[in-house]
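Participant: turn this into a structure:
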Amino acid sequence: MLWLLLLAACTPTPDTGADTGPVADAFLAPDLAGDWLPGTYEDVAPGPGGLELSVQVWFPASEADEDAYSYDGYWSASALEDGVPACDEPRPVLVFSHGNTGLRFQSVFLTERLATRGWVVVAPDHKFNTYIDYDDAKLGEVMFRRPGDIAASFDWLADVAAGPGGPLEGCVDPQAGYAVAGHSFGGFTSAAVAGAVIDPVAVAAYCAGHYGWLCSEVADWAAQHPGELADLGDPRAWASVPMAPAGYEALVGGLDQIAIPGLVLGGTMDTTTSMAAQVGPIFEGWGGRPAYLGELADAGHYSFSNACDLVPTFDDCEPPFIEGAEAHAIINTVTAAFLGQALGDDRYADWLPPQDDRLSWTVAE
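Facilitator: Numbers count the residues shown, from 1 in each chain. Prediction:
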C-alpha cells in the first residue's frame with residue numbers, strides 16, 4: 001500500500017550561577033511554545049551501507065532572520081532562515097522518521113514546535129522511500145534499514161553537526177541519547193528503534209491468518225537469514241512516540257522486548273492504520289513502562305502530518321475530520337508532556353493526558 005504525501009506530505013532557564021537542579025527550573029506548560037526561535041537547516045549525513053541521507057535539523061535559535069525558511073523550495077512554515085543556535089548547554093534530542101513516501105519535513109508542526117522549547121531535532125529522508133525517490137522494489141531493504149537511518153542521523157548530529165567546529169557545537173551530549181518519533185512507517189521505525197525485535201516465526205504465524213503490508217518483506221528476509229531474529233534497536237533511545245504507526249504484522253513477536261517508555265497515538269477515523277488493527281495492538285504489546293495510548297477523535301491518518309497544509313486534497317483535510325491545527329495542538333501538547341516526564345520531570349504527569357475530551361487515554365504502568 002502506498003501512502004503518498006504529495007510533497008509532504010526545554011525552555012531556556014536564566015543562568016543564576018547556582019546549581020539548583022531541574023525541579024527549580026521554570027516550568028513551561030506543554031501546551032505552550034517556548035521562547036526560542038525555531039531555526040533549521042538541511043545537510044547530508046552518512047547512512048547505512050554507504051548511502052548519503054538528506055537530513056533536516058531544527059534547533060533553538062537565539063536570533064534569526066525574519067525570513068521564513070523554505071523547505072526544498074516547496075513551502076514554508078514557522079522556521080526561520082539563518083538562526084543562531086543557542087548551544088550554551090546540551091539540549092535534549094529527538095530523531096523523527098517520516099511516513100512511507102513522505103519527506104523529512106512532513107510533520108514540522110511538531111519538529112518546529114520542539115525547537116522553540118529548546119530541543120534539537122533531526123530527521124532523515126529515508127532513501128528510496130520518499131515522495132521524490134520511492135522505489136517499491138526496495139521496500140524490504142528500506143524496512144530493515146530505516147532504524148539504521150535513525151541511528152546514523154543521531155551519530156552525525158552528535159559527532160559532526162554538534163561536534164568540534166560544527167554549527168551546533170555544544171548543543172548535543174552524545175552520551176545522553178535521544179527520543180525517537182515517527183508517523184506511519186515512521187511509527188514502525190520508532191518501535192523498532194525502541195527495541196521491538198522482528199521475529200519471523202511469530203510474523204509468519206500472524207500473517208497466516210491476517211493481511212499484513214510487510215508480511216512478504218519479513219518472509220523474504222527470513223529466507224536469507226534462517227533461524228535469525230532482526231534486532232534493529234538502538235540502546236541510546238530512551239523514549240518513543242509512534243504516531244498512527246504501521247507494521248504491527250512485522251512487530252507482533254517482539255514488542256514485548258521494548259524496555260523504554262512509549263506514547264502511541266492514533267485517530268478514530270484513520271482507515272490506513274486503524275486503532276483496531278495497528279495502533280491498539282502496538283500499544284498492547286509494548287513492553288516498556290510507562291506506556292500510553294492516545295486516541296484522537298475524528299483524526300485521520302494524515303492528521304499526524306502537515307499534508308493538509310501542503311496539498312489539501314486528502315479526505316482528512318475536510319469535515320468531518322478534525323481541523324489540522326486543532327489536531328496538531330493536541331499532539332504537540334501530549335508529546336511535550338510525555339517527553340518532559342521521560343526526561344525525569346514529574347511536573348508533566350498532570351498533563352498525561354491533557355484536559356481535552358477529544359483525546360481518549362489508556363495507561364500501562
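Participant: ok, and the closest non-adjacent residue to His328?
Facilitator: Leaving aside its sequence neighbours, His328 sits nearest to Phe109 (Cβ to Cβ, 6 or more residues apart in numbering; 4.1 Å). C-beta here means a position set from N, CA and C on the backbone, and glycine is covered the same way.
Participant: ranges for the helices of this protein?
Facilitator: 108-116, 139-156, 185-194, 200-207, 215-224, 248-251, 280-285, 307-310, 324-342 (DSSP state H).
Participant: want to throw the ones you listed into a markdown table with mean neighbour count, distance to Ser360 and mean pLDDT?
Facilitator: What follows is those, written out as a markdown table (neighbours: other Cβ atoms under 10 Å; distance: least, Cβ to Cβ, whole Å; pLDDT from 0 to 100):
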| stretch | mean neighbour count | distance to Ser360 | mean pLDDT |
| --- | --- | --- | --- |
| helix 108-116 | 26 | 20 | 98 |
| helix 139-156 | 22 | 29 | 98 |
| helix 185-194 | 32 | 18 | 98 |
| helix 200-207 | 18 | 26 | 98 |
| helix 215-224 | 16 | 29 | 98 |
| helix 248-251 | 27 | 19 | 98 |
| helix 280-285 | 20 | 11 | 98 |
| helix 307-310 | 23 | 22 | 88 |
| helix 324-342 | 22 | 11 | 98 |
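Participant: what about the stretch 151-300 of the chain, any weak spots by pLDDT?
Facilitator: For the stretch 151-300 of the chain, no stretch has pLDDT under 70.
Participant: okay, the helices of the chain in CSV with distance to Gly266 next?
Facilitator: Below are the helices of the chain laid out as CSV (distance: least, Cβ to Cβ, whole Å):
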stretch, distance to Gly266
helix 108-116, 15
helix 139-156, 20
helix 185-194, 9
helix 200-207, 19
helix 215-224, 21
helix 248-251, 11
helix 280-285, 7
helix 307-310, 16
helix 324-342, 11
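Participant: could you measure from the residue nearest to His328 over to Glu249?
Facilitator: Going from Phe109 to Glu249 by Cβ to Cβ, to the nearest Å gives 29 Å.
Participant: can you give me the neighbour number for His64?
Facilitator: One correction, residue 64 is Ala, not His. Look at Ala64: counted by other Cβ atoms under 10 Å, it has 20 neighbours.
Participant: residue contacts, Glu141?
Facilitator: Glu141 makes contact with Phe128, according to Cβ atoms under 8 Å, 6 or more residues apart in numbering.
Participant: now do the one 4 residues further on
Facilitator: By Cβ under 8 Å, 6+ apart, the residues touching Arg145 are Gly47, Pro48, Gly49, His126, Lys127.
Participant: how about the strands in the stretch 251-365 of the chain?
Facilitator: For the stretch 251-365 of the chain, the strands defined by DSSP state E, counting those that start in this stretch cover 262-267, 291-296, 359-364.
Participant: in TSV, list those strands along with distance to Met243 and mean neighbour count.
Facilitator: Shown next, in TSV, are the strands of the stretch 251-365 of the chain (distance: least, Cβ to Cβ, whole Å; neighbours: other Cβ atoms under 10 Å):
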stretch	distance to Met243	mean neighbour count
strand 262-267	5	28
strand 291-296	9	24
strand 359-364	13	14
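Participant: among these, which is nearest Val334?
Facilitator: strand 291-296 (5.7 Å; Cβ to Cβ).
Participant: elements contacting the closest one?
Facilitator: strand 262-267, helix 280-285, helix 324-342, strand 359-364 (3 or more Cβ pairs under 8 Å, 6 or more residues apart in numbering; DSSP states H and E).
Participant: now it and strand 262-267, what's the angle there?
Facilitator: 20 degrees (axes from the mean of the first three to the mean of the last three Cα atoms, to 10 degrees).
Participant: centre of the chain to strand 291-296, how far?
Facilitator: 15 Å (Cα atoms, centre = their mean, to the nearest Å).
Participant: stretch 323-338 now?
Facilitator: Taking Cα atoms, centre = their mean, one finds stretch 323-338 lying 13 Å from the centre of the chain it belongs to.
Participant: for Asn129, give me its contacts.
Facilitator: Asn100, Thr101, Gly102, Asp135, Lys138, Leu139, Val142, Arg146, Phe185.
Participant: how does it look with 7 Å?
Facilitator: Contacts for Asn129 (Cβ atoms under 7 Å, 6 or more residues apart in numbering) come out as Asn100, Thr101, Val142.
Participant: now do stretch 258-266: distance to the chain's middle.
Facilitator: Centroid separation for stretch 258-266 versus its chain: 11 Å, with Cα atoms, centre = their mean.
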